[in-house]
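Undergrad: Return a 3D structure for these sequence lines:
(one chain, ligands or ions: 1)
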Amino acid sequence: MKDIKDLDLKELEEILTGWGERPFHARQIFAWVYKKGVTDFDVMSDLPSDLRLRLKGNFYILSLNLIKRIKSYDGTEKFLFELKDNNSIEAVIIPTEKRITGCISTQVGCKFACRFCASGMLGFKRNLTNPEMLEEVLYLKNNSLGKKLTHIVFMGIGEPLDNYDNVVKAIRIINSPHTFNIGARRITISTSGIIPAIKKLSGEGLQIELSVSLHAADDNIRSRLMPVNKIYPLKDLITACREYISKTNRQLTFEYVLIKDINSGLQNALKLSKILMSLNCKVNLIPCNIIKELKAQPPEKSEILLFRDYLLKSGINVTLRRPRGEDIEAACGQLRLHYEKE
Ligand code: SF4
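TA: From the prediction side, this is the model:
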């Protein structure tokens, strides 16, 4: 028995054909699962009854168990789910004027232990399956305040490129007109900089957005903040990013979380502008959320603006983001961290 969401449309059509059934039933099944959110084959009234019986004997349709749902004053809404094996994960809805973004987790915990992130604090347990990630999207779609879910970001708990095959398959399914029909350019993978996976991704032919968490412009600070830098140092990472941009012809985004007294001074802005010079990229500056466990604090507003203005003057495309959901612990992994510690 496996979850039917483990299959893409072509795989399901092949199974149906092998059973002597008409392949178009696959589209009907996808419509029930992804568009109507049905979790019981018996409800699929336009399928022949013997096919429903056979589907029930071979597949199940997973649904997530919601443990907690909290909403921020800024509209950001966070969901904590329990999985079949009692592990927990988080997903977030982030509404803005023009878009409704779903942020989903890709792993239970994380191996990479970035210093500013709560997700790595409980260690790594396992990869999420493709159906578990699709179920997160389905849940967010059905709970997106009556509005259409327009964007998906793989920025929740876990390093997406450390769960490469499942994430790429989930993206192809999310992108399908028979499921969520969310355009590839509205899907973002955020990575801490796993170089071999960035190279592999550049050959997938996906028009998705890639966002690389940089957070420092020299190896000393970056290795302190992100231990992954000791395996994939900055110089090699920037080279891999340059190759990715040239192979995919896509602009790349660098995320830079500003943390007081660590990576925020003007000398850091100077180093950053040097390493990004001549790259087709943009930089998202994000003042860090306060995480009590890590004693991380955002810099003063004046320092943040100085940093941004220096990059702008250097010809770098910069966006200053406000942290979302500060009052509901919306930084990656914070809710799960507190739930699992309770
Ligand atoms: S920022 Fe991403 S890669 Fe780093 S510990 Fe958190 S989830 Fe893992």
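Undergrad: Grab the nearest non-local neighbour of the most centrally placed residue in the chain.
TA: Against the mean C-alpha coordinate of the chain, by Cα atoms, centre = their mean, the closest residue is residue 154 at 0.9 Å. Among residues not flanking residue 154 along the chain, residue 160 sits closest, at 4.2 Å (Cβ to Cβ, 6 or more residues apart in numbering). Yep, even glycine has a C-beta here, placed from its N, CA and C like the rest.
Undergrad: Local confidence estimate at residue 333?
TA: Residue 333 is assigned a pLDDT of 52 by the prediction.
Undergrad: ok, now which ones touch the residue nearest to residue 154?
TA: The contact partners of residue 160, taken as Cβ atoms under 8 Å, 6 or more residues apart in numbering, are 106, 154, 167, 189-191.
Undergrad: want to throw these into TSV with distance to residue 89 and secondary structure?
TA: Formatted as TSV, the contacts of residue 160 follow (distance: Cβ to Cβ, whole Å; DSSP: H, G, I helix; E, B strand; the rest coil):
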residue	distance to residue 89	secondary structure
106	9	coil
154	12	strand
167	14	helix
189	17	strand
190	16	strand
191	18	strand
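Undergrad: Using CSV, please lay out those residues together with pLDDT.
TA: Listed next are the contacts of residue 160 as CSV, based on pLDDT from 0 to 100:
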residue, pLDDT
106, 97
154, 95
167, 98
189, 96
190, 94
191, 95
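Undergrad: Now distance to the ligand too, for those residues, in JSON lines please.
TA: Converted to JSON lines, the contacts of residue 160 look like this (distance: Cβ to the nearest ligand atom, whole Å):
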{"residue": "106", "distance to the ligand": "9"}
{"residue": "154", "distance to the ligand": "10"}
{"residue": "167", "distance to the ligand": "13"}
{"residue": "189", "distance to the ligand": "11"}
{"residue": "190", "distance to the ligand": "7"}
{"residue": "191", "distance to the ligand": "8"}
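Undergrad: what about residue 182, distance to residue 97?
TA: As for residue 182, its distance to residue 97 is 19 Å (criterion: Cβ to Cβ, to the nearest Å).
Undergrad: higher neighbour count, the two?
TA: residue 182 (20 against 4; other Cβ atoms under 10 Å).
Undergrad: Please verify my assumption that the more buried one contacts residue 148.
TA: No. Using Cβ atoms under 8 Å, residue 182 is not in contact with residue 148; the gap is 9.4 Å.
Undergrad: related to what we said a few turns ago, in ChimeraX, select just the buried ones from the contacts of residue 160.
TA: One line in ChimeraX is enough to select the buried members of those, burial here meaning 16 or more other Cβ atoms under 10 Å:
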select :106,154,167,189,190,191
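Undergrad: Looking at the contacts of residue 160, which one is closest to residue 288?
TA: When the contacts of residue 160 are compared for distance to residue 288 (Cβ to Cβ), residue 190 wins out at 15.4 Å.
Undergrad: Give me every residue in this protein that's in contact range of the ligand.
TA: Proximity of the chain to the ligand is confined to 110, 112-114, 117, 119-120, 157-159, 192, 332 under the rule Cβ under 6 Å from any ligand atom.
Undergrad: Show me which residues of the helix ranked longest in the chain are buried.
TA: Across the chain, the longest stretch assigned as helix under DSSP state H is helix 234-248. Within helix 234-248, the residues that qualify as buried are 234, 237-238, 240-241, 244-245, 248, counting by 16+ other Cβ under 10 Å.
Undergrad: For the spatially closest residue to residue 122 that is not a sequence neighbour, give me phi and psi.
TA: With sequence-adjacent residues excluded and distances taken as Cβ to Cβ, 6+ apart, residue 122 is closest to residue 109, at 5.3 Å. Dihedral pair for residue 109: phi 80, psi -170, per degrees, to the nearest 10.
Undergrad: What of residue 92?
TA: phi -140, psi 140.
Undergrad: Disregarding flanking residues, what is the spatial nearest neighbour of it?
TA: Distance criterion Cβ to Cβ, 6+ apart; nearest residue to residue 92, sequence neighbours excluded, is residue 103 at 4.2 Å.
Undergrad: ranges for the helices of the stretch 1-150 of the chain?
TA: 9-18, 25-30, 49-58, 130-142 (DSSP state H, counting those that start in this stretch).
Undergrad: The second one: which residues count as buried?
TA: Put plainly, it is helix 25-30. Buried residues in helix 25-30, counted by 16+ other Cβ under 10 Å: 25-26, 28-30.
Undergrad: Does anything pack onto that helix? Which helices or strands?
TA: helix 9-18 (3 or more Cβ pairs under 8 Å, 6 or more residues apart in numbering; DSSP states H and E).
Undergrad: Taking helix 49-58 as reference, get the angle to the helix it packs on.
TA: Here the directions of helix 9-18 and helix 49-58 differ by 120 degrees (axes from the mean of the first three to the mean of the last three Cα atoms, to 10 degrees).
Undergrad: For helix 9-18, what is the distance to the chain centroid?
TA: In terms of Cα atoms, centre = their mean, to the nearest Å, the gap separating the centre of helix 9-18 from the centre of its chain is 29 Å.
Undergrad: All further residue positions should be reported with the first residue as 475.
TA: Renumbered: residue one is now 475, and that last one reads helix 483-492.
Undergrad: got the CA positions of it in PDB?
TA: Taking only C-alpha atoms (Å, rounded to 0.1, in the frame of the first residue of the first chain), the coordinates of helix 483-492 have been written out as PDB:
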ATOM      1  CA  LEU A 483      -0.100  11.700 -13.500                       C
ATOM      2  CA  LYS A 484       1.800   9.600 -16.000                       C
ATOM      3  CA  GLU A 485       2.700   7.000 -13.400                       C
ATOM      4  CA  LEU A 486      -0.900   6.700 -12.400                       C
ATOM      5  CA  GLU A 487      -2.100   6.400 -16.000                       C
ATOM      6  CA  GLU A 488       0.400   3.600 -16.500                       C
ATOM      7  CA  ILE A 489      -0.900   1.700 -13.500                       C
ATOM      8  CA  LEU A 490      -4.500   2.100 -14.700                       C
ATOM      9  CA  THR A 491      -3.600   1.000 -18.200                       C
ATOM     10  CA  GLY A 492      -1.800  -2.100 -16.700                       C
END
